[in-house]
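Asks: Here is my input, please return the structure:
(4 chains)
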2 protein chains.
Amino acid sequence: MASPRSPRRPTQADVARLAEVSPSVVSAVVNGRHDGAVRASEQTVQRVWEAVRRLGYSPNLAARSLAGGRNNIVGVFTYEAVFPTDRLSFFHDSLIGIEEAAEELDCHLLLFTGSRGRGQDGGRRRRSIYKDGVNTLQVTDGAVLLGQDEDREELAALVGSGFPFVYIGRRELGSGEMSYVTADYASATRGMVDRIADLGHRRLALLRSAIASEAVLEREAGYFEACRAHAGIESGAVHLVDPDAVATDLLTTLVDQGVTCVVTDDSNHAASVRSGATRLGLRVPEDLSVVALGDFAGSRPDDPTITSLLTPRQEMGGQAVRLLADLLARPQDTAPRRATATCGVRTGQTLQAPPARRPR
Amino acid sequence: MASPRSPRRPTQADVARLAEVSPSVVSAVVNGRHDGAVRASEQTVQRVWEAVRRLGYSPNLAARSLAGGRNNIVGVFTYEAVFPTDRLSFFHDSLIGIEEAAEELDCHLLLFTGSRGRGQDGGRRRRSIYKDGVNTLQVTDGAVLLGQDEDREELAALVGSGFPFVYIGRRELGSGEMSYVTADYASATRGMVDRIADLGHRRLALLRSAIASEAVLEREAGYFEACRAHAGIESGAVHLVDPDAVATDLLTTLVDQGVTCVVTDDSNHAASVRSGATRLGLRVPEDLSVVALGDFAGSRPDDPTITSLLTPRQEMGGQAVRLLADLLARPQDTAPRRATATCGVRTGQTLQAPPARRPR
DNA sequence: GACCTTTGATGATGCGCAATATCAAGGAAC
DNA sequence: GTTCCTTGATATTGCGCATCATCAAAGGTC
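Replies: Numbers count the residues shown, from 1 in each chain, chains lettered A, B, ... in the order given. Prediction:
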């Protein structure tokens, strides 16, 4: 059976012809606006829908957005491949939240793929929002952006263009404010420090990789604030280290100084510290506790045995879409939208009360 | 600093005005087509680009695709949520392949979310392609479909409408042929049986759940064919069983009959069989080998210790997009497109040579 | 010098749709 | 019975762009 290959997709005009009404009515009906400027009786509405079904009409996205209307499509732009081959999908949790919220708002999701074939150095290429100087996101009503490896200049340009978007993760640009969702890292960090202090730890150390994002800095601030708030808790300056190569000599020094709990940026780093400690003959957590302030998995899978704060990615994804919806609903309000999700805590197996006496 | 909220984005007309050329020339130049029907001298080209830069012009994609026809968007429709909360993403591997291929074709992906708020029985609701009788996929150039829980009637309607789409997974409809990608289950199964036979097994048993998809039936056919091909290999009829509740009495019977290798539909089922065998005091694989013909994870994570065929999901995803591209490139050829990807084999730890003597 | 070809441009048209302005008819108010 | 409002529609415009038909002028050929 040869399919009745229609040479052309049916348009509103076709529907109008079949239903014997004017195109305006069709437009109004299919958009549910048939009691505003353009009105239609219940009978007419039914006739229109009937014709729509008969012809298999569906709106042309491009035309709809060209004419100024919405297209109910939310863009999702990631600076890395959304579905990476080489590692656990970093975006998966966020996408769960995004999809859920989008479904609630009755929107579909447009996932932007990278522009291929530029710079073939083999490494993971960063994607770009602009292609030939053109904002590719424009086909959507607005977009949610994710990714660690963002291009700040591009973001600044995007803010300047007035295109509605929300970043998942706090991003502060030098010029121009943007909308984002973040997590309450500072207070969650304070909570974690409280917990550490309650267990009896008195000397902590913060190890951080040299590259710092807003989130990292926020956690660091929360950390020091909490340390100050706790009488008796001491923490020296932050130690900038290579998270992959554990500096065992640094560890030795710290332990000698009476540090009983090491706090790191992320769980991978914490895992490295644990191995380093083990190599030094220290048991974790009996002799030394190790705690991570972030669960970012980097290129390796996140280790669930590490006691760590958990970024509420799913919630952040949902919030981002909802902020975007607000942005679209009230475009005249140009103020950047902000939302904060609540961090979780993974108990893990790397934090307990400090040893009665200093080890060694 | 208030963003320079431009009331209107510059258009080609603005550029044309500034460059003192006609809009046609601008269009031609920015698209690099200025030596076809519309021509422009090198000088003019420079003037146009200069004006483009000065104004910060960027083309409106909606208008572009409206005027052009295609929109370079491939739909991705899944009958279940793309990013499920409650289980490992079944779709993740397929999506990797889809994204890769889409990137190669310079297409973006439109992920359809479900239509919310119909039937709130709490359970996972199947999504629908048609909403109010309208094919929602039509906003894209064509679509890739996935999912176990498909609606055959809908698919038949979709085929009838002539909308270009490709299913990931073999689907045979009673009426009308559709395009799909599948895996070489039959030959992969034969390969697996060869392997089993080469190890010395002589009596096998096939356990299958009652619900059978095309893939399952194809593997079953391949299985029996391979059994026939091997002189000395015996396999009784297929045993329809509940994959979750292991029938230990059936296992006992089989082993008593001299079966040394049980073949199942999928790895979960195989895992159940293994536990059942263990409960009977049989060691796997020393006393009894267990092999799965599929790695479908169902609601539980796939067990990597099970010796199993591996569905090449990533490759299938990529193939699907490429088939779709062909469908779009040659629409006059209405024949359904088909592709077959090569199954992998996971060695696992549940298959070895049969015991020298029958156990027990 | 008559004819053709190439170069360099212009203008008109329409893609499918939303929004606005307009209009006809029927009823209620006074 | 004139005015006014409501209901139910239609006609028109233009979003920004690509494409096509057209055209003027310059250069080349015999």
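Asks: can you give me the strands for the stretch 51-200 of chain A?
Replies: The residue ranges that make up the strands of the stretch 51-200 of chain A, judged by DSSP state E, counting those that start in this stretch, are A:73-78, A:108-111, A:130-131, A:134-135, A:142-146, A:165-168, A:179-183.
Asks: Output the last one in CSV, but only the C-alpha positions, please.
Replies: Provided in CSV are the C-alpha atoms of strand A:179-183 (Å, rounded to 0.1, in the frame of the first residue of the first chain):
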residue,chain,number,x,y,z
SER,A,179,19.6,34.3,35.6
TYR,A,180,20.8,31.1,37.2
VAL,A,181,19.9,28.4,39.7
THR,A,182,22.4,27.5,42.4
ALA,A,183,22.5,25.4,45.5
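Asks: For it, buried residues please.
Replies: Within strand A:179-183, the residues that qualify as buried are A:179-183, counting by 16 or more other C-beta atoms under 10 Å in any protein chain shown. Placement of C-beta: from N, CA and C, glycine included.
Asks: That strand to strand A:142-146, inter-axis angle?
Replies: Taking axes from the mean of the first three to the mean of the last three C-alpha atoms, to 10 degrees, strand A:179-183 and strand A:142-146 form an angle of 40 degrees between their directions.
Asks: chain center to strand A:179-183: distance?
Replies: Distance of strand A:179-183 from the chain centroid (C-alpha atoms, centre = their mean, to the nearest Å) equals 8 Å.
Asks: partners of it, with directions?
Replies: Taking DSSP bridges as the criterion, strand A:179-183 forms sheet pairs with strand A:165-168 (parallel), strand A:338-341 (parallel).
Asks: So for stretch A:56-75, what gets flagged as buried?
Replies: A:56-66, A:71-75.
Asks: Straight-line length of that stretch, end to end?
Replies: End-to-end distance of stretch A:56-75 (C-alpha to C-alpha, to the nearest Å): 26 Å.
Asks: which residues sit in contact with the residue positioned nearest the centre of chain A?
Replies: Computing the C-alpha centroid of chain A and ranking residues by C-alpha atoms, centre = their mean puts A:Ile168 first, at 3.3 Å. Counting by C-beta atoms under 8 Å, 6 or more residues apart in numbering or on different chains, A:Ile168 touches A:94, A:144-146, A:180-181, A:313, A:316-317, A:320.
Asks: switch the cut-off to 6 Å
Replies: Listed by C-beta atoms under 6 Å, 6 or more residues apart in numbering or on different chains, the contact partners of A:Ile168 are A:94, A:146, A:181, A:316, A:320.
Asks: okay, now A:Glu150: neighbour count?
Replies: By other C-beta atoms under 10 Å in any protein chain shown, 21 other residues sit near A:Glu150.
Asks: for A:Leu324, same thing?
Replies: Other residues within reach of A:Leu324, judged by other C-beta under 10 Å, total 28.
Asks: Isn't A:Thr189 up against A:Glu218?
Replies: No: contact between A:Thr189 and A:Glu218 fails when scored by C-beta atoms under 6 Å: they sit 8.0 Å apart.
Asks: more crowded one of these two?
Replies: Relative neighbour count places A:Thr189 above the other of A:Thr189 and A:Glu218, with 25 against 21, counting by other C-beta under 10 Å.
Asks: Contact partners for that one?
Replies: Per C-beta under 6 Å, 6+ apart, neighbours of A:Thr189: A:219, A:222-223, A:293.
Asks: What is the nearest of those to A:Asp256?
Replies: A:Tyr223 (22.0 Å; C-beta to C-beta).
Asks: picking up where we left off before, which of the strands paired with strand A:179-183 sits most buried?
Replies: Comparing these by mean neighbour count (mean count of other C-beta atoms under 10 Å in any protein chain shown), strand A:165-168 comes out on top with a mean of 26.
Asks: What distance do you get for the residue in the stretch 251-360 of chain A that DNA strand D sits nearest to to B:Ser58?
Replies: Distance from DNA strand D to each residue of the stretch 251-360 of chain A (C-beta to the nearest atom of the strand) is smallest for A:Pro331, at 15.2 Å. Shown here: A:Pro331 relative to B:Ser58, a distance of 19 Å by C-beta to C-beta, to the nearest Å.
Asks: interface residues of the stretch 51-200 of chain A facing DNA strand C?
Replies: For the stretch 51-200 of chain A, the residues in contact with DNA strand C under the definition C-beta under 7 Å from any atom of the strand are A:57, A:59-60, A:63-64, A:66-69.
Asks: Just to be sure, which of those residues are found in helices?
Replies: The helices, defined by DSSP state H, take in A:63-64, A:66 from these.
Asks: pLDDT wise, what is the residue of the stretch 251-360 of chain A closest to DNA strand D at?
Replies: Predicted confidence (pLDDT) for A:Pro331: 79.
Asks: quick revisit: could I get the strands paired with strand A:179-183 as TSV with mean pLDDT and distance to B:Leu254?
Replies: Compiled in TSV, the strands paired with strand A:179-183 are given as follows (pLDDT from 0 to 100; distance: least, C-beta to C-beta, whole Å):
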stretch	mean pLDDT	distance to B:Leu254
strand A:165-168	95	53
strand A:338-341	96	53
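Asks: quick one, which of those strands is nearest to B:Gly160?
Replies: Nearest to B:Gly160 among the strands paired with strand A:179-183 is strand A:165-168 (39.4 Å), distances taken as C-beta to C-beta.
Asks: Is A:Leu206 in a helix, a strand, or coil?
Replies: When the structure is reduced to helix, strand and coil (DSSP: H, G, I helix; E, B strand; the rest coil), A:Leu206 reads as strand.
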